[in-house]
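Asks: this is the structure alone, sequence omitted:
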């Protein structure tokens, strides 16, 4: 399932790059943009199928059944062989994603600091959630941990010492940049 609106690189570009690397796994576009021209652009980028948000559970089950049964037992073999063999192109792509993430960190932090100063809790929650996932994806567990703490405190309405975690996130990210 490929989210079409991701930070750093959108799903269209990610799908194109997967296909350019010769990856043939099923890609299902997942998006709230469900106009016919949107669907066409997702399919043109190399996606096999399309699901609109909010996701209809019955349609999701149909799509999963269709593509998971097609993959079947070969998935285990493919996973084992791809883990054993290191692909230089894939490593370069991962390095590029990580560099883009690091380059965008100042922008994310500026938004976090702005939302915090304005007490825009819903926007702060949204960006903390995004950073939590991106930190894990790009190999920065401290970003994930700090962002998760921020997210948890917001959800628990424990805003009084949120500034400590935001300061720690700012300091850690300044070291990375």
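Replies: That came through, no problem. Note that the structure is a prediction, hence the values are computed from the model and not measured.
Asks: where does the chain have its least confident helix or strand?
Replies: Lowest by mean pLDDT, DSSP states H and E among the helices and strands of the chain is helix 74-84, with a mean of 44.
Asks: identify the residues contacting residue 41.
Replies: Residue 41 makes contacts with residue 12, as judged by CB atoms under 8 Å, 6 or more residues apart in numbering. Every C-beta, even on glycine, is put in place using the N, C-alpha and C of the backbone.
Asks: please apply the same query to residue 111.
Replies: Contact analysis of residue 111 by CB under 8 Å, 6+ apart lists 123, 127.
Asks: tell me the first helix or strand C-terminal of the helix or strand harbouring it.
Replies: Using DSSP states H and E, residue 111 sits in helix 88-117. Following helix 88-117 in sequence order, the next helix or strand is helix 121-137 (DSSP H and E).
Asks: what helices and strands are in contact with that following helix?
Replies: helix 88-117, helix 141-155 (3 or more CB pairs under 8 Å, 6 or more residues apart in numbering; DSSP states H and E).
Asks: can we see that at 10 Å?
Replies: helix 88-117, helix 141-155, helix 162-176 (3 or more CB pairs under 10 Å, 6 or more residues apart in numbering; DSSP states H and E).
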